[in-house]
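Asks: the sequence and its predicted three-dimensional model are supplied below.
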Amino acid sequence: MADLTGNFIGIKSPNPFWLASAPPTDKEYNVRRAFEAGWGGVVWKTLGEAGPPVVNVNGPRYGAVWGADRRLLGLNNIELITDRPLEVNLREIKAVKRDYPDRALIVSLMVPCEEQAWKAILAEVEDTGADGIELNFGCPHGMAERGMGSAVGQVPEYIEMVTRWCKQYSRMPCIVKLTPNITDVRKPAQAALAGGADAVSLINTINSITSVDLDIFSPEPTIDGKGAHGGYCGPAVKPIALNMVAEIARDPATANLPISGIGGITTWRDAAEFMVMGAGNVQVCTAAMTYGFKVVEEMISGLSQWMDEKEISNVSDIVGRAVPNTSDWQHLNLNYIAKAKIDEDLCIKCGRCYAACEDTSHQAILMSDDRVFSVNDDECVACNLCVNVCPVENCITMDAMEAGTTDPRTGQVVSDVKADWTTHPNNPSAAAAE
Amino acid sequence: MSNSENTDGIVSGRLDAQHLSGNFNDLHPRLDDHEALVAADRCYFCYDAPCMTACPTDIDIPLFIRQISTGTPEASALTIFSQNILGGMCARVCPTETLCEEVCVRETAEGKPVEIGRLQRYATDVVMQSGHHPFTRAVSTGKSIAVVGAGPAGLACAHRLAVMGHAVTLFDARPKGGGLNEFGIASYKSVDGFAQKELDWLLSIGGIDVRYDKMLGADITLEQLQVDHDAVFLGMGLGGVNALQTDGEDKDNVLDAVSFISDLRQATDLTKLPIGKRVVVIGGGMTAVDAAVQAKLLGALDVTIAYRRGKERMSASVFEQDLATSKGVRIIYNAQPVKVTGNGAAAGIEFAYTHTVDGQLATTGESFELQADQIFKAIGQTIKDVPAALAIERGKIRVSETGRSSVDGVWAGGDCATGGDDLTVTAVAEGRDAAMDIHASLMG
């Protein structure tokens, strides 16, 4: 049986599944229920400085994108950080941590970019016995307009400065949460490391407008006829998040910086993908908001089963396993030749592969009068579009051609020698290098 | 209530009004908005979709379903009506399980097709219930066309002609229109007077002058129609019923299933409609199933369909057969009627078991008898009173692909003409296509 217990920057938890700082972790009632449901850790919803609490809108704060059967694929929100008084949150954090000493409890923070403000709140958080802090440099709406959240996360110098204050005034492990609303995510990660961060977590939500009301011509969610951009999350953002995690994991400057992976993680498989891509653990929000806390049971059983099948006993052994295989385009083997193959027994004859290939790609799929679909190897470039539009799993596969055979499209014999763009004759840089 | 399912003989009121009302409810109620979205989501938007090819009227099914899924059922209905102006009725009565839904790729994938028929009903209902008629007439052509028969073929033909600006005179032998839509299908397939509502909606295009109680050969003649009009379309269906050619067929209570179905459809109070305690229906088509199921729903104790060939040869679909058995109808295959017994009125019917020898149906020598106080014949219909000038082929008016008969200026379609299956949807296609050919012919 796989051991899911984890030690992330010195913070122990019974499994790598944490709830992200978000509405589900805004108060004691929720967090206790989450721990009872089996979550390994919780990042408490972001606390602001003492004083008059933050206010939220009183209209809808979420927008959504749905797939077939109204399955929630993307969620957008304009909710701000906690709108409950600081002292209430601190009291509840202390009580929960006391009752659940084996679970990770991290406190997310967002105060103005002033040394005194950070110094003040760090002391109060440390008093609660919480396991660590997460600096919210990510929220892209509302608080960013006031110079916090992603407004900080978009300026590496600020990240480094605030992180340094936190390490200076607190003994707690410090995670810096990054915004994806930036061109190169490696820069803020490097800044966090330079400031002394113990880890980064990413991604926070992405600037988004999910839809527009076509009757009143206003973005959704609409508050009294007007809308504002929100932060996008859920399954739709997973590919963006995975890439950003990989970017940081692959960057030599941050290769050893622990990562807490966030972004559309819905199943054990998503979690495993983030972890093999370099995340030491994962944080979940939208899946819990869509299906409730119980989803963690499937994540635990699924990850355990997969690790058992792979004969991997400890979660730390999966972290980063896919990083060496995550490369740049220029290093991909151009001598690798594949062709699409359609399994006629599995084919249900919908013809979507044909429409996709004929209308938009390489005219490499043939359709007979009786709707038998086949691949014309003379034209197939193995682009994979037919696989992606086919509604039947494994009906179309990409089969590699064996070395020594001839690719009918190019007339070239398939080579077993790897050759990439860096050595390709069409590459002027390659020619210059010779 | 004095009568029950156990009351001997042929009596009314075997079931109370509430029970009957429940029995004759809509077989497939309309999908609500949410159900329609869920059902529409399952469509794969196939390339050159098999469902479209299977539809006799070539409705662009993937497109109309996509239009439902994007919240525009009105546009969806227009896609349907452009090909099939009786799309509302076809959504109710089409044997989709042997047409579009049979070839749906999700039937192949999961044994559960997209619910095309119910989605079509959803879209067409939205428009028809709004009362909006989405077509307008072209400028008048000055041409006049006589259409005989206000059933599916005649209505489709008349509507298409009207759209193109022709003046149409529509004749029907009965006191109201709709043809088999009104008189010939099971009540639970078309509830709430839908056939008449659809007729009124269709006629609201304008330019169609309707004349009821005009029977071809009695009140009107083909020759006169040819004189009075620029073209004639015949779509009067099949007026005759095949005989059993069995001893005792002339006994009382040996009836045509089509008459029973028609009486039931026209009845205003089902508690007043008599039905036997033991009913036997002879035949293997949709009419046999419609008659048998409705006999059972009226409260007959014991209803049997006897078909002379095997299950696989039955022209009623497996869905229809399952519907019948689920309602408590027994289906006996390979049973050929030999003799109706009884003294004056039918009391029973003797059958010989059959099998197929060298492709020929033969009796096995074994026989059995069923008690029956009502026997419905549903062994097919025949054309009646065809104008002598028209060539006949296999018992129907011979027509070309576009519905031209052997007489210049006369087209025919629907059940009375050669061509496709005797289905509402096929009749609609034939009426529509004949209209297009009439138009092309008249306008040069």
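Replies: Yep, it's here.

Asks: and chain A, which of its residues are near chain B?
Replies: Taking C-beta under 8 Å from any C-beta of the partner chain as the criterion, the neighbours of chain B within chain A are A:68-70, A:348-352, A:354-355, A:367, A:371, A:391-392. The way it works is simple: take the backbone N, C-alpha and C, and place the C-beta from them, glycine included.

Asks: and the residue located most distally from the centre of chain B, backbone torsions?
Replies: Distance from the C-alpha centroid of chain B, by C-alpha atoms, centre = their mean, peaks at B:G365 (36.3 Å). When quoted as degrees, to the nearest 10, the phi and psi of B:G365 stand at phi 100, psi -20.

Asks: mind checking pLDDT for the nearest residue to A:A22 once chain neighbours are set aside?
Replies: Nearest in space to A:A22, with sequence neighbours left out and distances taken as C-beta to C-beta, 6 or more residues apart in numbering or on different chains, is A:C285 at 4.1 Å. Per-residue confidence for A:C285 comes out at a pLDDT of 98.

Asks: let me see the contact set for the residue of the stretch 1-150 of chain B found nearest chain A.
Replies: Here the residue of the stretch 1-150 of chain B nearest chain A is B:Y47; by C-beta to the nearest C-beta that distance is 3.1 Å. Shown here is B:Y47, whose contacts under the criterion C-beta atoms under 8 Å, 6 or more residues apart in numbering or on different chains are A:C350, A:G351, A:R352, A:Y354, A:A355, A:M367.

Asks: mind checking which of those residues are in helices?
Replies: For those, membership in helices holds for A:R352, A:Y354, A:A355, with DSSP state H as the criterion.

Asks: and the last one, what does it touch?
Replies: Just to be clear, that refers to A:A355. A:A355 sits next to B:Y47 when contact means C-beta under 8 Å, 6+ apart.

Asks: what sits closest to residue 59 if chain neighbours are left out?
Replies: With no chain named, the answer covers chain A. Taking C-beta to C-beta, 6+ apart, and ignoring the residues beside it in sequence, A:G59 has A:I223 as its nearest neighbour in space, at 4.0 Å.

Asks: ah, I was thinking of chain B
Replies: The shortest distance from B:I59 to any residue other than its chain neighbours is 4.6 Å, reached at B:Q83 (C-beta to C-beta, 6+ apart).

Asks: from memory the one you found sits against B:L63, does it?
Replies: No: in this structure, B:Q83 sits apart from B:L63 without contact. The criterion is C-beta atoms under 8 Å, and the distance is 10.6 Å.

Asks: shaky segments in the chain?
Replies: Defaulting to chain A. Per-residue confidence of chain A (counting by pLDDT under 70) places the weak regions at A:431-434.

Asks: wrong one, chain B
Replies: Regions of chain B meeting the criterion pLDDT under 70 cover residues B:1.

Asks: the domain parsing of it - what is it?
Replies: Chain B breaks down into these structural domains: B:33-130, B:144-238+B:383-443, B:241-377 (assignment by automatic domain parsing).

Asks: distance between the ends of the first one?
Replies: Yep, that's domain B:33-130 we're talking about. When the termini of domain B:33-130 are compared using C-alpha to C-alpha, to the nearest Å, they are 15 Å apart.

Asks: likewise the last one?
Replies: Domain B:241-377 has an end-to-end distance of 8 Å (criterion: C-alpha to C-alpha).

Asks: how far off centre is that domain?
Replies: Mean-position distance between domain B:241-377 and its chain equals 19 Å (C-alpha atoms, centre = their mean, to the nearest Å).
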